[in-house]
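>>> give me a model of this one.
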Amino acid sequence: MDYPVESPPFATPTLSGVGGSLKASLEDFRVDEVPAYSPSGTGTHLFVHFEKRDLDTKRAVEAIARGLECDPRSVGWAGLKDRRGITTQWASIEGGDPDKALELRLDGIRMLDAKLHEQKLRTGHLKGNRFQIRLRGVHGDADGAREILSALAETGCPNYFGPQRFGWNGNNLTRARRWIVDGGRAPRKRFEKKLLVSTFQAALFNEVTGRRLEDGLLAEAVAGDLMKKEDSGGLFIAEDLETEGPRVKAWEISPTGPMFGAKMRWPEAEAQIREARVLEGSGLERADLASFRKAGEGTRRALRFRPTDLEVAAEGENLLLAFTLRKGSYATVITREIMKSGESAA
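Numbering: from 1, shown residues only. Got it, this is the predicted structure:
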């Protein structure tokens with residue numbers, strides 16, 4: 001697997017980046033979770049809305065649970081948020097008291113709201129995330145950033161996994177390959193197995209997506225594509241390209257790519273051939289996917305996404321960006337396109 005999965009091709013290679021630095025301070029990166037629903041006000045699970053600074057989600061929520069004298073194993077969250085930055089999100093804690101939650105004073109955490117709900121908050125139960133990002137010391141201007149964002153909003157941004165998915169210096173990906181491809185010793189802990197499988201899946205997804213982009217097919221229908229309906233999330237096979245092609249351009253549907261696993265639904269025809277070629281290039285065959293079935297069954301993921309509610313403003317030598325992304329998409333993929341720092345866009 002020689003494909004540059006941590007630095008895949010740009011979607012806007014002909015548009016110059018603005019350079020600059022990202023996350024120079026905590027205040028430069030803010031994420032506000034957009035929830036899928038509001039807590040009902042009754043039930044045994046306490047939904048807490050909180051702001052955290054320079055903390056990862058797991059540590060923050062467990063600290064809140066301990067402050068409420070509740071079992072940290074009972075917690076739930078819709079998604080993990082970046083440690084480096086200021087983020088707001090919801091979490092659930094079984095048995096917590098709303099009044100006590102609002103009185104908590106914890107390092108790096110500010111409680112915003114607390115209400116009861118009938119069920120635990122599950123992974124994926126969010127609409128998306130709103131990002132406010134400051135790029136410091138840019139050499140480009142706001143118009144250049146707007147042009148890149150507009151291009152991504154029109155045809156779509158590759159739904160790559162960001163480099164944080166692969167660990168420091170790609171260490172998690174190296175470990176995943178050693179186990180899954182080379183037949184090395186499997187991790188003992190279930191969490192670590194799932195982490196390494198998801199890392200390996202992400203790498204192959206990035207390769208499939210990057211190769212589609214290089215061939216000019218990111219926003220095009222390919223025979224046999226497993227399409228995702230943008231409104232409902234339903235999947236179907238693309239059989240009539242004359243019909244499905246315009247629907248892709250109109251953002252009614254988008255092609256999906258593989259998160260390889262034994263239970264993943266495969267596309268057909270040309271789309272299946274393209275994905276199988278990437279899997280074989282990694283050193284695995286389709287039958288090998290069963291070897292890590294318990295750690296990653298596999299699924300489909302849209303090949304593209306588009307940022308919405310775009311805002312760009314100049315602030316001296318800095319740029320302020322704001323945009324909303326659907327759940328599961330990485331803001332660092334957007335900032336990479338805008339900055340193009342230290343990478344060739346050709």
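
>>> ok, now which ones touch the closest residue to Gly96 other than its chain neighbours?
Leaving out its chain neighbours, the residue that sits closest to Gly96 by CB to CB, 6 or more residues apart in numbering is Leu46, at 3.2 Å. (Each C-beta comes from the backbone N, C-alpha and C, glycine too.) With contacts defined as CB atoms under 8 Å, 6 or more residues apart in numbering, the neighbours of Leu46 are 68, 70, 92-98, 101, 114-117.

>>> if you set the cut-off to 7 Å instead, what comes out?
By CB atoms under 7 Å, 6 or more residues apart in numbering, the contact set of Leu46 is 92-93, 96, 98, 101, 114, 116.

>>> redo those as CSV? Include pLDDT, secondary structure and neighbour count.
Output for the contacts of Leu46, formatted as CSV (pLDDT from 0 to 100; DSSP: H, G, I helix; E, B strand; the rest coil; neighbours: other CB atoms under 10 Å):
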residue, pLDDT, secondary structure, neighbour count
Ser92, 98, strand, 26
Ile93, 97, strand, 27
Gly96, 93, coil, 25
Pro98, 97, helix, 17
Ala101, 97, helix, 22
Ala114, 98, strand, 23
Leu116, 98, strand, 17
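
>>> as JSON lines, the residues you listed with distance to Gly245 would be great.
Below are the contacts of Leu46 laid out as JSON lines (distance: CB to CB, whole Å):
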{"residue": "Ser92", "distance to Gly245": "43"}
{"residue": "Ile93", "distance to Gly245": "48"}
{"residue": "Gly96", "distance to Gly245": "51"}
{"residue": "Pro98", "distance to Gly245": "51"}
{"residue": "Ala101", "distance to Gly245": "51"}
{"residue": "Ala114", "distance to Gly245": "49"}
{"residue": "Leu116", "distance to Gly245": "48"}
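
>>> which pair of the residues you listed spans the longest distance?
Maximum pairwise distance in those, criterion CB to CB, is 12.2 Å, between Ser92 and Pro98.

>>> and for the lengthiest helix in the chain, what are the contacting residues?
Assignment by DSSP state H gives helix 190-214 as the longest helix of the chain. Here helix 190-214 makes contact (CB under 7 Å, 6+ apart) with 1, 3, 5, 8-9, 11, 158-161, 165-167, 172-173, 175-177, 179-180, 186-187, 218, 257-260, 274-275, 278-279, 282, 292, 295-296, 301, 303.

>>> and of the contacts of Leu46, the nearest to Val75?
Sorting these by how near they are to Val75, with CB to CB, puts Ile93 at the top with 5.3 Å.
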